[in-house]
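Undergrad: coords below, sequence missing:
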């Protein structure tokens, strides 16, 4: 009887110890929301970023590297003009969120360029289609001097 009592006590202690060592896995951050999507916009276009946890640290890079907790911190909407590479008129924005005790979010990668809102005119070829003598002058012009 004493042996059964000791066995039951040992089982009870073992169960309590196992439940005390129970650990929970970190919760993954929900995907970030970034607006607008990749594309061409005016230089003043604001880029907004949000996460499901208001106290998460949202970090970003504009040089193509993976964001870390030491990267630039997002605190307010970014203007496209502030992240664009002036020489290439292109920006690659990589964004990731971090929160202590949680898995970091997936890296979001967006590509932006400045859309200047104008198109080059179609060239005008003169004379029109047809048969001409070999020495006929053909001109190609455009009404935009910079083109």
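TA: All right, it came through fine. Everything numeric here is computed off the predicted structure, so don't read it as measured data.

Undergrad: need the strands for the protein, in chain order.
TA: With DSSP state E as the definition, the chain shows strands at residue ranges 27-28, 33-35, 39-41, 46-50, 57-61, 72-73, 78-79, 90-98, 102-103, 108-114, 124-126, 139-141.

Undergrad: Would you mind giving the orientation angle of the longest one with respect to strand 57-61?
TA: Using axes from the mean of the first three to the mean of the last three Cα atoms, to 10 degrees, the direction of strand 90-98 lies 150 degrees away from that of strand 57-61.

Undergrad: tell me which residues in strand 90-98 are buried?
TA: When neighbours are counted by 16 or more other Cβ atoms under 10 Å, the buried residues of strand 90-98 are found to be 91-98. (Glycine included, C-beta is placed from N, CA and C.)

Undergrad: counting contacts, what elements does it pack onto?
TA: strand 57-61, helix 80-83, strand 108-114 (3 or more Cβ pairs under 8 Å, 6 or more residues apart in numbering; DSSP states H and E).

Undergrad: winner for burial among these?
TA: For those, ranked by mean neighbour count under the definition mean count of other Cβ atoms under 10 Å, the leader is strand 57-61 at a mean of 20.

Undergrad: Tell me which strands it pairs with, and in which orientation.
TA: With DSSP bridges as the criterion, the sheet partners recorded for strand 57-61 are strand 72-73 (antiparallel), strand 90-98 (antiparallel).

Undergrad: I'd assumed residue 35 was in contact with residue 108.
TA: No - in this structure, residue 108 sits apart from residue 35 without contact. The criterion is Cβ atoms under 8 Å, and the distance is 11.4 Å.

Undergrad: lowest-pLDDT helix or strand in this structure?
TA: The element with the least model confidence among the helices and strands of the chain, by mean pLDDT, DSSP states H and E, is helix 2-20, at a mean of 47.

Undergrad: so who does the residue nearest to residue 35 when sequence neighbours are not counted touch?
TA: Leaving out its chain neighbours, the residue that sits closest to residue 35 by Cβ to Cβ, 6 or more residues apart in numbering is residue 48, at 5.0 Å. Residue 48 makes contact with 33-35, 77, according to Cβ atoms under 8 Å, 6 or more residues apart in numbering.
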